[in-house]
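Peer 1: Sequence first, then the predicted structure, then my questions.
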Amino acid sequence: MSFQNPVFIPGPTNIPESIRKACDMPTIDHRSPLFGQILHPVRANVREILKSTSAEIFIFPSTGTGGWETALTNTLSPGDTVLAARNGMFSRKWIDMCQRHGLEVMIVETPWGQGIPTDRFAEILAEDKRHKIKAVLATHNETATGVTSDIGAVRAAMDAAKHPALLFVDGVSSIASMDFRFDAWGVDVAVTGSQKGFMLPAGLAIVGFSERAIAASKSAGLHRTFFDIHDMTKGYAADAYPYTPAVGLMNGLLLSTQTLLNEGMENVFARHRRIASGVRAAVSAWGLDLCAASPDLYSDTVSAILTPAGFDASDIVSHAAAKYGVAFGTGLGDVAGKVFRIGHLGSMTDVMALSGIATAEMCMVDLGLDIKLGSGVAAAQEYYMGSAKTVPMKDAA
């Protein structure tokens with residue numbers, strides 16, 4: 001692998017040099033007002049990126065998995081029932097976490113490549129007259145399959161059933177890259193991490209709580225210590241954490257969020273959509289298909305590309321690393337060996353995407369697939385040349 005080449009995995013993503021340098025800072029007293037000058041602006045910026053005016057933002061030294069645990073343990077009690085679709089690796093992992101915490105999970109088995117079945121959710125919620133279901137879990141962007149689900153439709157199903165369950169959303173590979181509407185979608189807990197759209201190393205779980213979720217936390221019976229939002233709230237009031245924070249990463253997050261907001265979030269979303277569309281044009285030119293079953297499900301942050309039957313897609317990933325020093329994502333779980341993944345989120349431009357497309361193309365030709373060299377690159381070039389110009393990504397002033 002070469003440090004000179006960008007990575008095309010769905011996270012951790014490429015780190016802009018300015019943001020990397022922001023993480024490299026001298027030691028400060030993390031219980032002083034100086035840390036508060038990092039902490040409070042970061043929380044305000046994240047709230048704006050979530051498109052919320054009231055969400056309480058909690059940032060833990062952890063990853064998105066820790067964010068899942070924060071959502072569950074602060075709002076639910078042993079034996080509570082949650083509703084979830086199992087349609088990919090990360091929805092599967094969140095369900096597993098629920099079960100390990102002693103929660104009952106109503107699982108809607110869903111083919112990998114499909115989104116959350118909101119019609120089925122609507123039926124289940126309407127049938128739950130006693131409101132046994134306490135929370136609905138939704139994976140906004142399933143990173144393993146490149147599938148984006150309609151969270152607004154999930155909320156609509158809950159509202160149509162007049163169901164009081166909380167709505168928890170895994171936005172780890174969508175937030176800060178794709179449109180996310182905390183308030184408009186009635187999200188109660190949103191979970192993300194530092195290593196994807198925020199263009200940082202792994203190490204921060206970033207979580208937004210609604211007023212309803214905060215209220216639920218006052219009677220929740222699951223055990224928690226490290227992820228207790230009430231301990232964190234007390235710390236924030238004193239410009240501190242209840243334990244030692246990851247100060248360098250927090251400083252990097254401050255610059256990252258300022259960079260995104262300076263670009264303009266609608267421009268960020270448009271950039272990701274444009275880059276993803278170029279990748280999809282290349283996939284079509286290769287004569288291949290995406291794992292996502294239909295265009296309305298296509299992710300703007302990761303494309304999971306199906307290879308012909310009998311071909312091990314993992315060979316493309318290992319060959320790219322060994323011969324060209326470039327990282328792509330392997331297939332996970334039920335699609336292992338069937339897909340390879342191109343991550344196109346975070347610090348990414350049209351030109352960077354073209355280098356990834358070209359490398360994937362060379363690998364497939366090297367490995368004997370019936371791909372015409374240059375076909376995908378040309379298709380992506382044509383798309384990028386003809387697509388509407390948007391504000392380029394730029395560093396914070």
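Peer 2: In hand now; what should we look at?

Peer 1: so which helix or strand takes in the closest residue in space to V377 that isn't next to it in sequence?
Peer 2: Of all residues not flanking V377 in the chain, A358 sits nearest, at 5.1 Å (CB to CB, 6 or more residues apart in numbering). (C-beta placed from N, C-alpha, C; glycine too.) Secondary structure from DSSP states H and E places A358 in helix 350-366.

Peer 1: Which other helices and strands does that helix contact?
Peer 2: Applying 3 or more CB pairs under 8 Å, 6 or more residues apart in numbering; DSSP states H and E, one finds that helix 350-366 contacts helix 265-286, helix 314-319, strand 339-343, helix 375-386.

Peer 1: Next, the angle from it to strand 339-343.
Peer 2: In terms of direction (axes from the mean of the first three to the mean of the last three CA atoms, to 10 degrees), helix 350-366 departs from strand 339-343 by 160 degrees.

Peer 1: Would you mark the buried spots in helix 350-366?
Peer 2: 350, 352-364, 366 (16 or more other CB atoms under 10 Å).

Peer 1: roughly how far out does it sit from the chain middle?
Peer 2: 24 Å (CA atoms, centre = their mean, to the nearest Å).

Peer 1: thinking again about what came up before, which of the buried residues of helix 350-366 sits closest to F60?
Peer 2: Nearest to F60 out of the buried residues of helix 350-366 is M352 (CB to CB; 30.4 Å).

Peer 1: now the closest one: how far from N5?
Peer 2: 10 Å (CB to CB, to the nearest Å).

Peer 1: same check, this time on K132
Peer 2: Distance of K132 to N5, given as CB to CB: 51 Å.

Peer 1: check contacts around the spatially most central residue of the chain.
Peer 2: Nearest to the centroid of the C-alpha atoms of the chain, with distances taken as CA atoms, centre = their mean, sits S173, at 1.5 Å. Taking CB atoms under 8 Å, 6 or more residues apart in numbering, we find S173 in contact with 10-11, 141, 143, 196-197, 299, 301-302, 345.

Peer 1: what about it, distance to V154?
Peer 2: The gap separating S173 from V154 is 17 Å, by CB to CB.

Peer 1: pLDDT below threshold where in the protein?
Peer 2: 1, 388-397 (pLDDT under 70).

Peer 1: hmm, back to that, minimum distance to V105: which of the helices and strands packed on helix 350-366 has it?
Peer 2: Using CB to CB, these put strand 339-343 closest to V105, at 26.2 Å.

Peer 1: just checking, what packs against that closest one?
Peer 2: Checking 3+ CB pairs under 8 Å, 6+ apart, strand 339-343 ends up next to strand 302-306, helix 314-319, strand 329-330, helix 350-366.

Peer 1: Sheet partners, orientation included, of the third one?
Peer 2: Within its sheet, and counting by DSSP bridges, strand 329-330 is paired with strand 339-343 (antiparallel).

Peer 1: Identify the residues contacting the strand it pairs with?
Peer 2: 7-11, 13, 143-146, 279, 291, 301-307, 313-314, 316-317, 328-331, 356-357, 360.

Peer 1: D188 and L103: what is the separation?
Peer 2: 16 Å.

Peer 1: And those two? Which one has more around it.
Peer 2: D188 (25 against 20; other CB atoms under 10 Å).

Peer 1: how about the more buried one, what does it touch?
Peer 2: 75, 135, 166-168, 209-210, 212-213, 216.

Peer 1: Over to K338?
Peer 2: Listed by CB under 8 Å, 6+ apart, the contact set of K338 reads 291, 306-307, 313, 331.

Peer 1: ok, back up a step: more neighbours, K132 and N5?
Peer 2: A direct count of neighbours by other CB under 10 Å for K132 and N5 places N5 higher, at 17 against 12.

Peer 1: Determine the three-state secondary structure at that one.
Peer 2: Three-state assignment for N5 (DSSP: H, G, I helix; E, B strand; the rest coil): coil.

Peer 1: any idea how far it is from W286?
Peer 2: Here the criterion is CB to CB. By it, N5 lies 21 Å from W286.

Peer 1: Also D179?
Peer 2: 28 Å.

Peer 1: And stretch 39-52, what's buried?
Peer 2: Buried residues in stretch 39-52, defined by neighbour count with 16+ other CB under 10 Å: 39, 42-43, 45-47, 49-52.

Peer 1: roughly how far is that stretch from the heart of the chain?
Peer 2: On the basis of CA atoms, centre = their mean, stretch 39-52 sits 17 Å off its chain's mean C-alpha point.

Peer 1: Send me that stretch as CSV with only the CA atoms.
Peer 2: Below are the C-alpha coordinates for stretch 39-52, written out as CSV (Å, rounded to 0.1, in the frame of the first residue of the first chain):
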residue,chain,number,x,y,z
LEU,A,39,-15.9,21.6,22.8
HIS,A,40,-18.9,24.0,22.5
PRO,A,41,-18.3,25.2,18.9
VAL,A,42,-17.9,21.6,17.8
ARG,A,43,-21.2,20.6,19.3
ALA,A,44,-22.9,23.6,17.7
ASN,A,45,-21.4,22.8,14.3
VAL,A,46,-22.5,19.1,14.5
ARG,A,47,-26.0,20.2,15.4
GLU,A,48,-26.1,22.4,12.3
ILE,A,49,-24.8,19.6,10.1
LEU,A,50,-27.6,17.3,11.4
LYS,A,51,-30.1,20.0,10.5
SER,A,52,-31.4,20.4,14.0
